[in-house]
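Undergrad: Using only what follows, build the 3D model:
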Amino acid sequence: MSASSSSSSSSPTTPLSSPIPRPPLARREENRTILAGKLPSNHPLLQKLTRQSTTSDNPLLDPARSVPDPYGWLRDEARTNDEVLHLLNEENAYTAAVTSHLDSLRGTLYEEMVGSLQETDYTAPANKENKYWYYTRTNKGQSYKVYCRAPYRNDEDVNFSWDGSVDAPVMLGEEQFLDVNVVAKGQSYCSVSSVAVSKSQKLVGYMLDVTGDEIYSLYVRNLETGEMILEETSIDCSGSVTWGHDENTVFYLKLDETQRPYQVYRRLLDGSKEDELLFEQDDPQFWTSVSKSSDEKYLLIETASSETSEVHYLDLTTPNSTLICVARRRSKVLYDVDHWNGYWVITSNVDKTPNMRLMVCKVGEDESHWKDVVGSKDGSKLFDGGYDRSLEGVDAFGKNLVASGRSGGIPAVWVLTMGDNRDDFQVTECTQLTFDEDAYDVGVGVNYNYDSDKLVLYYDSLITPLQSLQVSMNDPNNAQLRTVLKSKNVPGYVKADYGCFRTTVMSRDGETKIPVSFVYRQDVMKRHTAAGETVPVHLYGYGSYGMCCEADFSATRLSLLNRGMVFVVAHVRGGAEMGRQWYEEPNGAKYLCKKNTFNDFVDIAKWLIEDKKLTTPQQLSIEGRSAGGLLIGASINQAPEMFRVAILGVPFVDVVATMVDSSIPLTTNEWEEWGNPNEEKFFNYMMEYSPVNNVKKGVKYPSCLLTGGLHDPRVQYWEPAKFAAELRHAHNDSDCPTICLKMDMTAGHFSASDRYKYLKELSFDYAFLLDQLGLSETPK
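TA: Numbers count the residues shown, from 1 in each chain. Got it, this is the predicted structure:
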């Protein structure tokens, strides 16, 4: 298949029907404002709203500053206001009307995307304690996965032959113990999370959300009898359940009124005791999570803000044990632990290192005993927290530790071999795993067995579909000892037809080199290289929370590439691609250097157009989701003339109005990400980039598709609704670009849970994008 060519003179297809409908006109309340700073003594919400953290010594704005909020009436916590719901339905009707001519294209894209899936498939089976192999499977025509297991006989069980049919078991003796399609029956949304079997593997626990609001209920079922032992729907839980050391104990997290996980409970399934509150975190900036050490000896309760953490542990093997703190919290010190043979293996930025150090102490010792882990050969620190490479986490095994992090901007995995003397903590070898491709995504996969000497990884790249890869921890770079357990089959995909590369772009500061990844069809890039022909480009970015945009594979992306587009990933500051310094102050992109994220993105776009001469403004589309939607909103405000079309998925665009209000979920926790606009230090800076507050009048913006979820607790539905209204208000009817808002009335932040519905929604987004770029014809 060859990609269709395009030129800068392409113009979007116009709807066949006429006249073009007028967009909804949201009512403006010009005198409506919100207050940032110290609330007056007679303010009705004075007692309800927290204005800053208890640890902050920054002065509040006093007197408070008024922030225009003409569309503030769109906020309805109950999601029942008739005027609000009417407007959202009008927005959906308008979007449907102005894109009705794209029905055929959407259908074609959907068929392409479904066609790139092996609809009936399975994940690589993982052996758990030589009792069962666990895996999931999907079946053609079914929207959700099925959790399966099969009896373990020996390691050769995985050398099976499967005919690929829905009715045939993947492995001999297959047991389908949790069919999410059955759970989802009659529900418009269904998210099952934290599926975990008990130690005996006779019981399974899981969490269920059927609205998309990320408030979960707890379920436990007997796998031998099929009996539902527990259906806990009366408590607002987070999406995590953890088993104790027996069949009778589960631990769960309760949410507060802002949906912050803050209480850890222990429940006895036999009902012999009331649920026991083990831990409570009252500080609204701290979220709490629960896990177990790799050897399952300890329950680990971590409570953390963005910059400070604290871990408590409970010995699961000792009756009547009590919680003990590993190390009390210290301001701006992050740490995490795993257990190995009586030692805590610690990752931490203690002493203000730019990246995490690898440290160790004996269980029971306090932080004064933390020591850097060194190699036995030369005594050098293995991970000193410096700038050269970053450490993100460590998994413990019986004879090894596995470290995950980044080196040269690329994900990296190191296997550490422990000395034979189990009474001493000694690392005899530290080996970084190597791979043939220049850029890729790799990480630790499902590894149930603590005493195994084999490590399962996931691996993919921009042109290599996802693989489950097994390596020997005794010789991790020995190619003969590496086994591909499972490769994702992408029907019709020919790897040789596609290419990729990674380069850097100099930012406007003249010092920072921003990594940029490209993936494309070979014939498209050859035309550009040979004749200088510009091509349509889709530029994607995120750049927040220290989360990385990886060079990974996407089958759905092929629908863009096969229409002659080049897909570009901007690894802008705010992520942690180049280490935590890519995220943290003073040169990263949080707090008072957040604008680096947006500047980097615009600089890359400018480079693509002016220096690389790969594309033109009329051929350049951009996309970001959630905090990536903030990136797109700020970028089109900064340089609206540079882009033809923008997709903003559940975009965080009403930054100041959200971050002044502690009653909105996530707000207090995220004061350590963006800053607190109630404080003098941050107010003006945040007002300068908040997309809703910086829409320009008198300039032409790109066409925009904004999406949202009515039940989204992370980015409230009114944020994209407000931004769409502001964009339209800034334009006259005659020069207003196409601004569409598509609100999913049954989902939350993560869009559709149904895999087929998700593809239909993605087809909608891509059809809008392609139409605006003049690429609506199906490739030949």
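
Undergrad: Only the buried residues of stretch 503-511, if you could.
TA: Across stretch 503-511, burial judged by 16 or more other CB atoms under 10 Å covers 505, 507. Placement of C-beta: from N, CA and C, glycine included.

Undergrad: In PDB, list the C-alpha atoms belonging to it.
TA: Extracted C-alpha coordinates of stretch 503-511, given in PDB (Å, rounded to 0.1, in the frame of the first residue of the first chain):
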ATOM      1  CA  THR A 503      16.800  14.000  16.800                       C
ATOM      2  CA  THR A 504      17.000  17.100  19.000                       C
ATOM      3  CA  VAL A 505      15.800  20.700  18.500                       C
ATOM      4  CA  MET A 506      17.400  23.700  20.100                       C
ATOM      5  CA  SER A 507      15.000  25.600  22.300                       C
ATOM      6  CA  ARG A 508      14.700  29.400  22.300                       C
ATOM      7  CA  ASP A 509      16.900  29.600  25.300                       C
ATOM      8  CA  GLY A 510      19.900  28.600  23.100                       C
ATOM      9  CA  GLU A 511      21.000  26.000  25.600                       C
END
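
Undergrad: Use 48 as the first number from now on
TA: That works, and once the first residue is 48, the last one we named lands at stretch 550-558.

Undergrad: neighbouring contacts of that stretch?
TA: 559-563, 565, 643, 646-647, 650-651, 654 (CB atoms under 8 Å, 6 or more residues apart in numbering).

Undergrad: 7 Å instead, please
TA: 560-563, 646-647, 650-651, 654 (CB atoms under 7 Å, 6 or more residues apart in numbering).

Undergrad: By neighbours, which of these wins?
TA: residue 647 (27 neighbours; other CB atoms under 10 Å).

Undergrad: part of a helix, is that one?
TA: Yes: counting by DSSP: H, G, I helix; E, B strand; the rest coil, residue 647 is found in a helix.

Undergrad: which of the contacts of stretch 550-558 sit farthest apart?
TA: 562 and 646 (15.3 Å; CB to CB).

Undergrad: who touches residue 453 in this structure?
TA: Contacts of residue 453 by CB under 7 Å, 6+ apart are 436-437, 459, 624, 626.

Undergrad: any idea which helix or strand comes after the longest strand along the chain?
TA: The residue-count maximum for a strand in the chain (DSSP state E) belongs to strand 275-290. For strand 275-290, the following helix or strand on the C-terminal side (DSSP states H and E) is strand 296-302.

Undergrad: List the buried residues for the helix or strand just after that next one?
TA: Moving toward the C-terminus from strand 296-302, the next helix or strand (DSSP H and E) is strand 308-315. Across strand 308-315, burial judged by 16+ other CB under 10 Å covers 308-314.

Undergrad: what does stretch 390-409 give?
TA: So for stretch 390-409, counting by 16+ other CB under 10 Å, buried means 390-397, 400-408.

Undergrad: What is the burial count for residue 538?
TA: So residue 538, with other CB under 10 Å, has 11 neighbours.

Undergrad: residues contacting residue 539?
TA: Residue 539 neighbours (CB under 7 Å, 6+ apart): 162-163.

Undergrad: Is it correct that it falls within a strand?
TA: No: applying three-state DSSP, one finds residue 539 to be coil, outside a strand.

Undergrad: For it, grab phi and psi.
TA: phi 80, psi -10 (degrees, to the nearest 10).

Undergrad: What's the per-residue pLDDT of it here?
TA: pLDDT for residue 539: 96.

Undergrad: swap in residue 425?
TA: 86.

Undergrad: The closest residue to residue 340 other than its chain neighbours: which element?
TA: Closest residue to residue 340 apart from its sequence neighbours, by CB to CB, 6 or more residues apart in numbering: residue 386 at 3.8 Å. Assigned by DSSP H and E, residue 386 belongs to strand 382-387.

Undergrad: now do residue 591
TA: With DSSP H and E as the criterion, the answer for residue 591 is that it lies in no helix or strand.

Undergrad: Now for it, how many residues are close by?
TA: 25.

Undergrad: Could you list the low-pLDDT ranges of the chain?
TA: Low-confidence segments of the chain (pLDDT under 70): 48-65, 827.

Undergrad: ok, 80 please
TA: 48-67, 469, 798, 825-827 (pLDDT under 80).

Undergrad: residue ranges of the helices in it, please?
TA: 129-145, 150-162, 227-230, 569-578, 605-608, 642-653, 674-685, 702-706, 718-721, 727-736, 765-776, 802-819 (DSSP state H).

Undergrad: So which of the ones you listed is nearest residue 82?
TA: It's helix 702-706; of these, that one is closest to residue 82 (CB to CB) at 10.5 Å.

Undergrad: what separates that closest one from the chain centre, distance-wise?
TA: 21 Å (CA atoms, centre = their mean, to the nearest Å).

Undergrad: Stretch 151-167 too?
TA: Centre-to-centre, stretch 151-167 and its host chain are 24 Å apart (CA atoms, centre = their mean).

Undergrad: Which positions within it qualify as buried?
TA: Of the residues in stretch 151-167, those buried (16+ other CB under 10 Å) are 152-153, 155-157, 159-161, 163-164, 167.

Undergrad: before we move on, what about stretch 362-380?
TA: For stretch 362-380, by 16+ other CB under 10 Å, it's 362-363, 373-374, 376, 380.

Undergrad: how about these, which pair is most distant?
TA: Largest pairwise distance in these, by CB to CB, is 26.6 Å, between 363 and 380.

Undergrad: quick one: contacts for the nearest residue in space to residue 811 that is not next to it in sequence?
TA: Once flanking residues are discounted, residue 811 sits nearest to residue 153: 5.8 Å by CB to CB, 6+ apart. For residue 153, the contact set (CB under 7 Å, 6+ apart) comprises 810-811, 814.

Undergrad: Take those and lay them out in JSON lines including distance to residue 487.
TA: Compiled in JSON lines, those are given as follows (distance: CB to CB, whole Å):
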{"residue": "810", "distance to residue 487": "28"}
{"residue": "811", "distance to residue 487": "30"}
{"residue": "814", "distance to residue 487": "30"}
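
Undergrad: Could you export the residues you listed to TSV, including columns for neighbour count and distance to residue 327?
TA: TSV is the format used below for those (neighbours: other CB atoms under 10 Å; distance: CB to CB, whole Å):
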residue	neighbour count	distance to residue 327
810	23	45
811	22	44
814	24	49
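
Undergrad: Could you find the residue nearest the spatial middle of this protein?
TA: Compute the mean C-alpha point of the chain, and by CA atoms, centre = their mean the closest residue is residue 594, 7.5 Å away.
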